[in-house]
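J.: I would like to see how this sequence folds:
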Amino acid sequence: MQKIVIAGCSGRMGYALLEGVFADEALVLHGALDRADSPQLGRDAGEQFGRVTGVKISADVAAALKGADVLVDFTRPEPSLEYLAACRAAGVKLVIGTTGFTAAQKQQIEQAAKDVAIVFAPNMSVGVTLLINLVQAAAKVLNEGYDVEIIEAHHRHKVDAPSGTALRLGEAAAAALGRDLEQCAVYGREGVTGERDANTIGFATVRGGDVVGDHTVLFAGIGERVELTHKASSRATFALGALRAAKFLAEKNQGLFDMQDVLGLAR
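T.: Model prediction:
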């Protein structure tokens with residue numbers, strides 16, 4: 001049985017992760033972390049589910065990690081890096097679903113993976129992971145005469161744009177087309193932009209309401225369009241994928257993995 005620590009346990013994803021751990025007999029809640037000013041500190045982590053777990057919500061990272069197997073983190077880049085350093089020091093494995101990291105911050109994750117096993121993915125959904133593979137396959141076939149556009153929508157509280165998932169889809173398409181996303185991405189259009197450059201990959205971002213997460217990759221040709229779409233209706237899909245990733249790490253000691261590794265999908 002794997003001993004799981006959940007970071008950001010009082011947030012929306014934290015709730016979904018707790019629910020997932022309680023429903024999985026192969027997992028046990030070992031620690032529950034929240035920010036230092038959280039009003040939930042000191043409460044039993046199972047209280048909102050009518051459970052008594054004996055695990056108190058805490059801001060003491062070192063204490064929560066003592067004896068743990070895996071920390072699951074869906075917070076923000078700055079606290080994520082603090083959790084990363086603490087896990088590296090304690091020898092605790094990580095599942096990181098946080099998005100919005102800079103290139104330099106991603107390098108810190110890569111360095112930490114030399115010492116502990118990490119699953120790092122911008123989207124833990126099984127369906128989105130499959131979508132990434134489908135985009136790669138489609139781009140290899142639709143490699144001439146088709147314009148690639150990525151449209152994503154999320155709730156009003158999301159702080160980064162485009163989403164990490166949209167960027168990962170863009171990377172998958174670019175790689176299959178032999179392009180560098182940093183060189184060919186277009187993140188906004190306004191005014192007289194001129195004709196579309198055939199080698200670009202465009203991104204459109206929508207923010208509003210309580211949209212959990214919608215992503216569409218559009219291949220627009222002459223006389224036809226191919227659209228690959230994933231729509232998430234519940235955060236449970238991300239939580240279940242993340243906990244599947246945690247179980248995947250049981251046999252790993254170090255190394256950096258993503259959800260394609262977890263699902264055994266060919267690249």
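J.: give the contact list for Arg12.
T.: Contact analysis of Arg12 by C-beta atoms under 8 Å, 6 or more residues apart in numbering lists Arg235. The C-beta positions use only the backbone N, C-alpha and C, and glycine is treated the same way.
J.: gap between it and Leu18?
T.: 11 Å (C-beta to C-beta, to the nearest Å).
J.: repeat for Ala198
T.: Taking C-beta to C-beta as the measure, Ala198 falls 48 Å from Leu18.
J.: give me the more crowded residue out of those two.
T.: Leu18 (24 against 10; other C-beta atoms under 10 Å).
J.: so the more buried one is in contact with Phe49, correct?
T.: Yes. Between Leu18 and Phe49 there is a contact under C-beta atoms under 8 Å: 6.9 Å.
J.: pLDDT value on His157, please?
T.: pLDDT, His157: 93.
J.: please, which helix or strand holds it?
T.: For His157, there is no helix or strand it lies in under DSSP states H and E.
J.: and Ala59, how far is that from Ala204?
T.: For Ala59, the distance to Ala204 - C-beta to C-beta - is 38 Å.
J.: now stretch 29-38 - C-alpha only, PDB.
T.: Taking Å, rounded to 0.1, in the frame of the first residue of the first chain, the C-alpha atoms of stretch 29-38 are listed here in PDB:
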ATOM      1  CA  LEU A  29      -3.400   9.100   3.000                       C
ATOM      2  CA  HIS A  30      -0.100   9.800   4.800                       C
ATOM      3  CA  GLY A  31       0.000  13.600   4.800                       C
ATOM      4  CA  ALA A  32      -2.100  16.600   3.800                       C
ATOM      5  CA  LEU A  33      -0.400  19.900   3.100                       C
ATOM      6  CA  ASP A  34      -1.700  23.400   2.600                       C
ATOM      7  CA  ARG A  35      -0.400  27.000   2.700                       C
ATOM      8  CA  ALA A  36       0.700  28.500   6.000                       C
ATOM      9  CA  ASP A  37      -2.300  30.900   6.200                       C
ATOM     10  CA  SER A  38      -5.000  28.300   5.400                       C
END
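J.: buried residues in it?
T.: 29-34, 38 (16 or more other C-beta atoms under 10 Å).
J.: which of those residues fall within strands?
T.: With DSSP state E as the criterion, strands contain 29-33 from among the buried residues of stretch 29-38.
J.: who's in contact with Leu177?
T.: By C-beta under 8 Å, 6+ apart, the contact list for Leu177 reads 139-140, 143, 148.
J.: quick check: which ranges of the chain have low pLDDT?
T.: Low-confidence segments of the chain, defined by pLDDT under 70: 266-267.
J.: how about residues contacting stretch 184-193?
T.: By C-beta under 8 Å, 6+ apart, the residues outside stretch 184-193 that reach it are 162, 170, 174, 197, 199-203.
J.: how about the strands in this protein?
T.: Going by DSSP E, the chain shows strands at 2-7, 27-33, 57-58, 70-73, 93-96, 117-120, 147-154, 185-186, 201-207, 213-220, 225-232, 255-257.
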